[in-house]
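*Asks:* pasting the structure only:
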DNA sequence: TTGTACGCGTTATCAC
DNA sequence: GTGATAACGCGTACAA
């Protein structure tokens, strides 16, 4: 059995309350006993029991992270896990643990959030938002569970998000700098705020330059690679082709690139393509794809940081956009 | 404040010990009081506190999952997270929680495993093996922490792994069926057991058909996309080219495909290429890449299942290979 | 500055 | 069948 606070107290020749005070740095303890206690802890390899501590303090030093965890989601949505890594990193630095929870499962079971709260498993949660977020958010509020959402939300919820509008601006500026003038935007889904925000940045930058889009934005219905062929057909039926595409998602961009190339277009010189996020295969398309990359690890760290601030001060409401992003200019957007 | 066992007992008009027995289905309880207690629990929305339960039973109903969680690992190693999803799914079905831990951080801090054990944060751990696994494994054994490794290990450790040899056989059989005869293997790294196991299956299948490899296997030094160009130069310097390549990793396969194509080879008819794992971009290469896909979600589920068996019976030692895999025949291996 | 005693919410072991 | 009660290990008033 592992050592307890009693063992430490006995070895150091003090009372357990003294040991406790040394641990929490509270109360006035003489330097001498402090080091005696520290030595004893070292010697016994003592670490306080989570459970006892949680019971006494009524908290768990653990946060829950809710994301979609179905089969194949790691390949379909690797960025979610990149955020997760950032969260874990920051939590570890604050001596917090990360409990992984499946958002879909939680959302389906009626009283799962109630249980999470009642069991005191987590002090707070970070939710990766998708279309099913509102139902969970309502439950968090009902149970006074501190929470922070990744992805902008309506209503009085704390959230952090990427500034997709800004990303759209950066990408558009890049295309203009490369000399393209007949720009068109392609989004993943008309109701996807990521796409529409990026589109807003696109439109704004063009307007600032006194330019108009070559044609109205086009939208897929999900943003998968396979949808690109049909979209490309739509593009071809326009009176004239654009000279550059800004595509909201990586897979779709890769698909459009392939389709256009298959039609004999020279990607780069004849048709520029730029997109967002730096999936590994962005470098591996022929030609390699230009992207505005977003630091998702940093987003995760930021999310955790904000959640902790909120744990300390529950009234705090954060709604902030991250600007950490970087342009990778590759041949797909070089004339 | 949430309801406690006392509240339930009071409302049901019984003693707390009776409530506890109802929960654990132990002891003889009359059907009448059983339902009275159940009703009270429902009414109060009662869920037992994790901490109190953990303290009393000295366990946490939580397992730790140790994986590399650095920046960019979600994109570089999405398969790790696919496994994680499988683990979470199975744990949730058993009412266990999953604590996420960074293997690298744990491995660097000297007494981190000791702390994990002393704090009773987890009942056991699943480790995703890499080259740094042995140091952690030693600590698990020292502290009697039940553990299971994903990836074959020397020594008396429980592990589950993909049967990479079998995957190699399947892929090789496929290439032979397609009519290719001058096969050559390309591995990620000469010391990478995944590569060497796949190579073993390759060699065995050829031998069974009375064939020899076209040329000795070639190895990269990491398996990244960028290394493919240099490897392709090596291949070209051989007296004759193979008519098909079996490549241990997806990124490398995509790179070789591009390099060969750049050299004017007609992928499929002139040079067949097959690989392993079904990364999303396997479908997106030109032509799409044939792969033997491995069910990593199932691997995760299996890992969790085995860890639980071991928690129940610590002497149990499992060392098993999973066969769940599937061939995706695509144009890259069609003559 | 240090020590005592109780509470936190369970489980498990008895006695009834 | 049911109920009291002693752990479990830590935090913390309060007393010394």
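*Replies:* Right, received. Where do you want to start? As the structure is a prediction and not an experimental result, all values here were calculated from the model.
*Asks:* Let me know the pLDDT of the residue in the stretch 1-150 of chain A that DNA strand C sits nearest to.
*Replies:* Nearest residue of the stretch 1-150 of chain A to DNA strand C: residue A:28, at 2.5 Å (C-beta to the nearest atom of the strand). C-beta coordinates here come from the backbone N, C-alpha and C atoms, glycine included. Looking at residue A:28, its pLDDT reads 76.
*Asks:* tell me which element it is part of?
*Replies:* Assigned by DSSP states H and E, residue A:28 falls within no helix or strand.
*Asks:* quick one: it from residue A:17, how far?
*Replies:* 13 Å (C-beta to C-beta, to the nearest Å).
*Asks:* cool, residue A:90 as well?
*Replies:* Applying C-beta to C-beta to residue A:90 and residue A:17 gives a distance of 33 Å.
*Asks:* Neighbour count for those two, which is higher?
*Replies:* residue A:90 (22 against 11; other C-beta atoms under 10 Å in any protein chain shown).
*Asks:* thinking the more buried one is in contact with residue A:309, fair?
*Replies:* No. Using C-beta atoms under 8 Å, residue A:90 is not in contact with residue A:309, being 11.7 Å away.
*Asks:* Now find how far off-centre stretch A:237-247 is within its chain.
*Replies:* 31 Å (C-alpha atoms, centre = their mean, to the nearest Å).
*Asks:* need the contact list for the residue nearest to the spatial centre of chain A.
*Replies:* For chain A, residue A:83 is the residue whose C-alpha lies nearest the centre (C-alpha atoms, centre = their mean; 4.2 Å). The contact partners of residue A:83, taken as C-beta atoms under 8 Å, 6 or more residues apart in numbering or on different chains, are A:128, A:150, A:296-297, A:299-300, A:303.
*Asks:* Give me the subset of these lying in strands.
*Replies:* A:128, A:150 (DSSP state E).
*Asks:* neighbours around the residue of the stretch 151-300 of chain A found nearest DNA strand D, how many?
*Replies:* As assessed by C-beta to the nearest atom of the strand, DNA strand D sits closest to residue A:158 within the stretch 151-300 of chain A, at 26.0 Å. For residue A:158, the count of nearby residues is 20 (other C-beta under 10 Å).
*Asks:* Where does the residue nearest to the centre of chain A sit: helix, strand or coil?
*Replies:* helix (DSSP: H, G, I helix; E, B strand; the rest coil).
*Asks:* Show me where the stretch 201-335 of chain A has its strands.
*Replies:* A:218-219, A:244-247, A:272-276, A:290-294, A:319-322, A:325-328 (DSSP state E, counting those that start in this stretch).
*Asks:* In a markdown table: those, plus distance to residue A:283, mean pLDDT and mean neighbour count.
*Replies:* Output for those, formatted as a markdown table (distance: least, C-beta to C-beta, whole Å; pLDDT from 0 to 100; neighbours: other C-beta atoms under 10 Å in any protein chain shown):
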| stretch | distance to residue A:283 | mean pLDDT | mean neighbour count |
| --- | --- | --- | --- |
| strand A:218-219 | 25 | 96 | 20 |
| strand A:244-247 | 16 | 98 | 30 |
| strand A:272-276 | 12 | 97 | 27 |
| strand A:290-294 | 9 | 96 | 24 |
| strand A:319-322 | 23 | 91 | 15 |
| strand A:325-328 | 8 | 96 | 16 |
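*Asks:* Export these as TSV, with columns for distance to chain B.
*Replies:* What follows is the strands of the stretch 201-335 of chain A, written out as TSV (distance: least, C-beta to the nearest C-beta, whole Å):
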stretch	distance to chain B
strand A:218-219	20
strand A:244-247	14
strand A:272-276	13
strand A:290-294	10
strand A:319-322	15
strand A:325-328	13
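*Asks:* Dump these to CSV, plus distance to DNA strand C.
*Replies:* Formatted as CSV, those follow (distance: least, C-beta to the nearest atom of the strand, whole Å):
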stretch, distance to DNA strand C
strand A:218-219, 50
strand A:244-247, 52
strand A:272-276, 47
strand A:290-294, 43
strand A:319-322, 34
strand A:325-328, 46
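*Asks:* out of the ones you listed, nearest to residue A:101?
*Replies:* Among the strands of the stretch 201-335 of chain A, strand A:319-322 comes nearest to residue A:101, with 23.3 Å by C-beta to C-beta.
*Asks:* thinking in terms of the whole chain, how far from its middle is that closest one?
*Replies:* Per C-alpha atoms, centre = their mean, the centroid offset for strand A:319-322 relative to its chain is 12 Å.
*Asks:* tell me what that strand is packed against?
*Replies:* strand A:159-162, helix A:296-312 (3 or more C-beta pairs under 8 Å, 6 or more residues apart in numbering or on different chains; DSSP states H and E).
*Asks:* Would you confirm that residue A:103 contacts residue A:68?
*Replies:* Yes. Look at residue A:103 against residue A:68 with C-beta under 8 Å: they come within range, at 5.5 Å.
*Asks:* Which neighbours do those two have in common?
*Replies:* A:128, A:130.
*Asks:* of these two, who's got more company?
*Replies:* residue A:103 (21 against 17).
*Asks:* Tell me the spacing between the closest residue to that one other than its chain neighbours and chain B.
*Replies:* Counting by C-beta to C-beta, 6 or more residues apart in numbering or on different chains, residue A:103 lies nearest to residue A:66, which is 4.1 Å off, once chain neighbours are set aside. Taking C-beta to the nearest C-beta, to the nearest Å as the measure, residue A:66 falls 11 Å from chain B.
*Asks:* List the contacts of the residue in the stretch 201-335 of chain A that DNA strand D sits nearest to.
*Replies:* Nearest to DNA strand D, among the residues of the stretch 201-335 of chain A, is residue A:312, at 14.9 Å (C-beta to the nearest atom of the strand). Going by C-beta under 8 Å, 6+ apart, residue A:312 touches no other residue.
*Asks:* Which pLDDT value goes with it?
*Replies:* 92.
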